[in-house]
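1. structure of the sequence below:
(2 chains, ligands or ions: 1)
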Amino acid sequence: MSAEPSPQSPWQAATITRIEKRTPRVTSFWFQPSRPFTHLAGQHVDVRLTAPDGYQARRSYSIASAPEAGAAVELAIERLDDGEVSPFFHDVAAVGDEIELRGPLGGHFIWEESDGGPILLIGGGSGVVPLMAMARHRTLRNAAVPVALVFSARVWDEVIFRDELIGLDDRLDGFSLVLTLTREQARRPSDYSRRVDARMMAQAIERLPKAPRLAYVCGSNAFVSAAAQALIDADVPAGIIRTERYGV
Amino acid sequence: MVTRGFFSGRRPPSDTDARIPPGQYLEQGFPVLSAGPTPRVRTEDWSFTLKQGPKPIKKWNWAEFNALPQSKMTRDIHCVTAWTKFNTPWQGIMIDDILADAGIEPPTAYTLALSFDGYSTNVPTKDLVTGKAMVALLYEGKPITPDHGGPARLLVPHLYFWKSAKWVNGLQFTERDEPGFWELRGYHMYGDPWREQRYSSDP
Ligand SMILES: Cc1cc2nc3c(=O)[nH]c(=O)nc-3n(C[C@H](O)[C@H](O)[C@H](O)COP(=O)(O)OP(=O)(O)OC[C@H]3O[C@@H](n4cnc5c(N)ncnc54)[C@H](O)[C@@H]3O)c2cc1C
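-> Numbers count the residues shown, from 1 in each chain, chains lettered A, B, ... in the order given. Prediction:
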């Protein structure tokens, strides 16, 4: 995290340059910051919405794009129907809008090529977003670090970045994708249709050439608690597990 | 900067407005945040140590610690992830009473709170004494659950809640203001919610 004193506000305007629907409930938004920055895979930004009467709402969103992908950062936002901020993005925000943003933020849930591996990534729902940045970073760096990504989604059509992830899996270059669907039958032979558990974690680890050096778990609070416990039950040392909880 | 098309919002009722720091929203639930898996600390294995630098001053086991005078604090708490929760009721041992039991005055101006999982966070000593902070043992009259930092967590309710270290197992007095776990990772050294001191770049 840069510690340089900044006389200006840490908030800056960022312009939405592109919007792309990823799944029925998740849409990606690309933000071009007026003061571009370089982030680390796994970091997030805070966004802030301001109403005409001055009322403000702020939320955190992980960066989905790799640091190498250019100045516009991709955020993949899941719509919570009764939420305050996520429906605004889905229903109101349009290309050309300016949104206030600050970041990059977070100095713990990050992975750089130099951190090494193998790494085990466990994501539930939109919790896959920072893991996607790590996977993309690895690919763009042509890094050989072995990675197993376990991604839990409710149904096949809610697998965010599905084609891209399967494409990475097909390269057979040390990135291995494990999908698990909690409300539908698995589509690919080696995938699962149940919630994450210790046996699934042990089998994911078997896909790596040796024991993971770091494990990253991200998603809702309930998902992170369950997945972190499953890792510990699969004999992964607590000290190598990093978690990011999205709240609720 | 006004955001095009953002009107509604979940404005807090005006009588509660004054209790919600800038950029925060009111939360009814109690979200959980932590850097890693939830450690399960058994009270048989629990201890609490006061240290000055590396040197231990006094150590208590669970029974000894619970025998210290207990106090109640009901406070609003403010998490850096932007939720504020009103009237959270805690019970535990005031830092003042821990120091009194050890028979010392605060030896230095800075303190690091230490936790079982290796986490630490820095708090100026003056923010821990004179009735401002406690080591909490009960929440809503019941033992604090592991995901909320049980068996014991620090409670410094006037600072952002990451300063209220979960699974706390000691306080270390330091000569200088030494950054703890989150402070080394970009979070603010002091963390006053009313001045929105979230990240290190905030004034
Ligand atoms: C570090 C970090 C990274 C994150 N990254 C992502 C990401 O990449 N993608 C993503 O989609 N999300 C991410 N999140 C979650 C995100 O910050 C928001 O929490 C999420 O978008 C919901 O915000 P919201 O305003 O739509 O919903 P909120 O208004 O915050 O509501 C959330 C839920 O709580 C309930 N609720 C809240 N307040 C009330 C109330 N007063 N009364 C009744 N119900 C209430 C709502 O019903 C809703 O279901 C991240 C969170 C963190 C901390």
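2. what about the helix or strand where A:I205 lies, near chain B?
-> Applying DSSP states H and E as the criterion places A:I205 in helix A:198-206. No - judged by C-beta under 8 Å from any C-beta of the partner chain, helix A:198-206 and chain B are separated, with a smallest distance of 12.3 Å. No exception for glycine: its C-beta is placed from N, CA and C like everyone else's.
3. what residues of that helix count as buried?
-> A:M200, A:M201, A:A204, A:I205 (16 or more other C-beta atoms under 10 Å in any protein chain shown).
4. from what I can see the second one touches A:A234, true?
-> Looking back up the chat, that one is A:M201. Yes - if you go by C-beta atoms under 8 Å, A:M201 and A:A234 touch, sitting 3.9 Å apart.
5. contacts only, for residue 28.
-> Defaulting to chain A. A:R18, A:I19, A:E20, A:K21, A:R22, A:A64, A:E74, A:L75, A:A76, A:I77 (C-beta atoms under 8 Å, 6 or more residues apart in numbering or on different chains).
6. sorry, should have said chain B
-> If a contact means C-beta under 8 Å, 6+ apart, then B:Q28 has B:K85 as its contacts.
7. what about it, distance to the ligand?
-> Distance, B:Q28 to the ligand, using C-beta to the nearest ligand atom, to the nearest Å: 6 Å.
8. phi and psi next, for that residue.
-> phi -90, psi -40 (degrees, to the nearest 10).
9. where's it relative to chain A, distance?
-> In this view, B:Q28 and chain A are 11 Å apart by C-beta to the nearest C-beta, to the nearest Å.
10. now A:A153: phi and psi?
-> Per-residue torsions, A:A153: phi -130, psi 160 (degrees, to the nearest 10).
11. can you tell me the closest non-neighbouring residue to it?
-> Leaving aside its sequence neighbours, A:A153 sits nearest to A:V159 (C-beta to C-beta, 6 or more residues apart in numbering or on different chains; 4.8 Å).
12. tell me if I'm right that the one you found and A:F151 touch.
-> Yes - with contact defined as C-beta under 8 Å, A:V159 reaches A:F151; the gap is 6.7 Å.
13. so what sits against both of those two?
-> Shared contacts of A:V159 and A:F151, defined by C-beta under 8 Å, 6+ apart, comprise A:L165, A:L179.
14. circling back to that earlier point, okay, the helix holding A:I205 in PDB with CA atoms only?
-> Presented in PDB, the C-alpha positions along helix A:198-206 are these (Å, rounded to 0.1, in the frame of the first residue of the first chain):
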ATOM      1  CA  ALA A 198     -13.000 -31.400   3.600                       C
ATOM      2  CA  ARG A 199     -13.000 -34.300   1.100                       C
ATOM      3  CA  MET A 200     -13.400 -31.900  -1.800                       C
ATOM      4  CA  MET A 201     -10.600 -29.800  -0.500                       C
ATOM      5  CA  ALA A 202      -8.300 -32.800  -0.100                       C
ATOM      6  CA  GLN A 203      -9.100 -33.800  -3.700                       C
ATOM      7  CA  ALA A 204      -8.400 -30.300  -5.000                       C
ATOM      8  CA  ILE A 205      -5.000 -30.400  -3.200                       C
ATOM      9  CA  GLU A 206      -4.300 -33.600  -5.000                       C
END
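15. centre of the chain to that helix, how far?
-> Distance of helix A:198-206 from its chain centroid, counting by C-alpha atoms, centre = their mean, to the nearest Å, is 21 Å.
16. which stretches of chain A form strands?
-> A:12-21, A:26-33, A:44-50, A:56-62, A:73-78, A:98-105, A:119-124, A:147-153, A:175-181, A:214-219, A:241-245 (DSSP state E).
17. repeat that for chain B.
-> Remark: strands assigned in chain B by DSSP E are B:25-26, B:47-52, B:55-61, B:71-78, B:83-94, B:110-115, B:120-124, B:134-139, B:142-143, B:153-155, B:168-174.
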